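following is a predicted model, sequence given first.
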Amino acid sequence: MSVKDGYSFDEAYGRYLSWFQEKAAAGAVPKDREEILGFQLCHEDVYQDDTMLLNRMYFVIPLLPSESKSGQLELFAISELNLMRKTGGASEDFTPIEYETQTF
């Protein structure tokens, strides 16, 4: 996978782990890479024509009040921009091209 702009998923996950270490209480366990995929909140098509589709997916990973040092809900978000080439009306050739992270 080649990411043209932004972080790779590995870099975004590394930022999540750093954030988790800073915000989590002792004994809390971070989500693994596969678990993060289960936290997809929503997605949106940001551009589309006859040959391609750009779609952004949002993953919001919670740190529950019982797990956080602050005792409050903490959130880490990853957005993934995907390029999908279309062939005969169907989307094929799915390529992640950008990752961004944000905390709340």
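That came in fine, so what should we check first? Computed from a prediction, not measured in an experiment: that's the story for all the values here.

now do the same contact list for the most centrally placed residue in the chain.
With distances taken as Cα atoms, centre = their mean, the residue of the chain nearest its centroid is residue 78 (2.9 Å). With contacts defined as Cβ atoms under 8 Å, 6 or more residues apart in numbering, residue 78 is in contact with 12, 16, 36, 58-59, 61, 99-101. In short, each C-beta sits where N, CA and C put it, glycine included.

switch to 7 Å and redo it
Contact analysis of residue 78 by Cβ atoms under 7 Å, 6 or more residues apart in numbering lists 12, 59, 99, 101.

so which helix or strand takes in the first one?
The reference is to residue 12. helix 9-23 (DSSP states H and E).

how about that helix: buried residues?
9, 12-13, 15-16, 19-20, 23 (16 or more other Cβ atoms under 10 Å).

mind giving me the packing neighbours of it?
strand 52-63, strand 74-87, strand 90-103 (3 or more Cβ pairs under 7 Å, 6 or more residues apart in numbering; DSSP states H and E).

again, 6 Å this time
strand 74-87, strand 90-103 (3 or more Cβ pairs under 6 Å, 6 or more residues apart in numbering; DSSP states H and E).

contacting residues around it?
30, 33, 63, 68, 74, 76, 78, 99, 101, 103 (Cβ atoms under 6 Å, 6 or more residues apart in numbering).

which helix or strand lies directly C-terminal to it?
helix 33-37.

the closest residue to residue 47 other than its chain neighbours: neighbour count?
Distances taken as Cβ to Cβ, 6 or more residues apart in numbering put residue 54 closest to residue 47, at 4.2 Å, once the chain neighbours are dropped. Neighbour count for residue 54, taken as other Cβ atoms under 10 Å: 16.

distance of residue 54 relative to residue 16?
24 Å (Cβ to Cβ, to the nearest Å).
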